[in-house]
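A.B. asks: from the sequence below, what's the structure:
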Amino acid sequence: MAQITDLETFRAFWRDEIVARTPLLNGFTELANNEAYDTIKGDGITSPFMVLLQPEFRTIDNRTINVQRSVDFGFFILKAAEFKGDNAEIKTIQNDCFSICEQIIGRLDYLNEEKEFFGKYHATNTQYEEVGGLFGGNHYGVQCFGQFITYDSIRHNAANWI
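C.D. replies: A predicted model of the protein is given here:
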């Protein structure tokens, strides 16, 4: 896996290194347009599944030649409740999704420490909390937000300028 420097590598990372490598998730979609909403509401995804949010790219400049990318990420781990309003079922779903989210955070930490292939990741910069009543009112789970900082810096290339 290459450094996360653009949308393509960002999407590939989540699809190939996170979702495809865990039996805990049965589906994956990106919340980029109405198609994702239709997929979630339809029969296209089974529970539990990940909904990946659009990343936010920024730069970090410590007044050096090493300008780095900061990539803010977010996702939901969701599962559909069979019965709306069944508090026991909702609590079980949220607990299950919370556990999956923590497994993903553990995987990110492992990949950061052992592989160092996507950049710097600090779990202390990751927030997650329970959510409910999404996508038609019967999807419950956990939302998670965090940040990577890439190792590859953004450099001036004189060949690209006149």
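
A.B. asks: residue at max distance from the center of the chain?
C.D. replies: residue 162 (39.3 Å; C-alpha atoms, centre = their mean).

A.B. asks: roughly how far apart are it and residue 67?
C.D. replies: Separation of residue 162 from residue 67 (C-beta to C-beta, to the nearest Å) stands at 22 Å. Using the backbone N, CA and C atoms, a C-beta is placed for each residue, glycine as well.

A.B. asks: tally of neighbours for the residue nearest to residue 151 when sequence neighbours are not counted?
C.D. replies: Nearest residue to residue 151 in three dimensions, chain neighbours excluded: residue 119, at 5.3 Å (C-beta to C-beta, 6 or more residues apart in numbering). Counted by other C-beta atoms under 10 Å, the residues lying close to residue 119 total 20.

A.B. asks: ditto for residue 32
C.D. replies: 12.

A.B. asks: ok, residue 136 next?
C.D. replies: Residues near residue 136, counting by other C-beta under 10 Å: 11.

A.B. asks: ok, the one 3 residues further on next?
C.D. replies: Counted with other C-beta under 10 Å, the burial measure for residue 139 works out to 23 neighbours.

A.B. asks: mind listing the helices for the chain?
C.D. replies: Per DSSP state H, the chain carries helices over the ranges 7-12, 34-41, 87-110.

A.B. asks: got JSON lines for these, with distance to residue 152 and mean neighbour count too?
C.D. replies: Shown next, in JSON lines, are the helices of the chain (distance: least, C-beta to C-beta, whole Å; neighbours: other C-beta atoms under 10 Å):
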{"stretch": "helix 7-12", "distance to residue 152": "10", "mean neighbour count": "15"}
{"stretch": "helix 34-41", "distance to residue 152": "29", "mean neighbour count": "14"}
{"stretch": "helix 87-110", "distance to residue 152": "18", "mean neighbour count": "17"}
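
A.B. asks: which of those has the lowest mean pLDDT?
C.D. replies: Confidence, taken as mean pLDDT, is least for helix 34-41 of those (a mean of 65).

A.B. asks: dump the residue contacts of residue 93.
C.D. replies: 79, 81, 140-141 (C-beta atoms under 8 Å, 6 or more residues apart in numbering).

A.B. asks: now the angle from the lengthiest strand in the chain to helix 87-110?
C.D. replies: Longest strand in the chain by number of residues, with DSSP state E as the criterion: strand 139-154. Put simply, strand 139-154 runs at 20 degrees to helix 87-110, going by axes from the mean of the first three to the mean of the last three C-alpha atoms, to 10 degrees.
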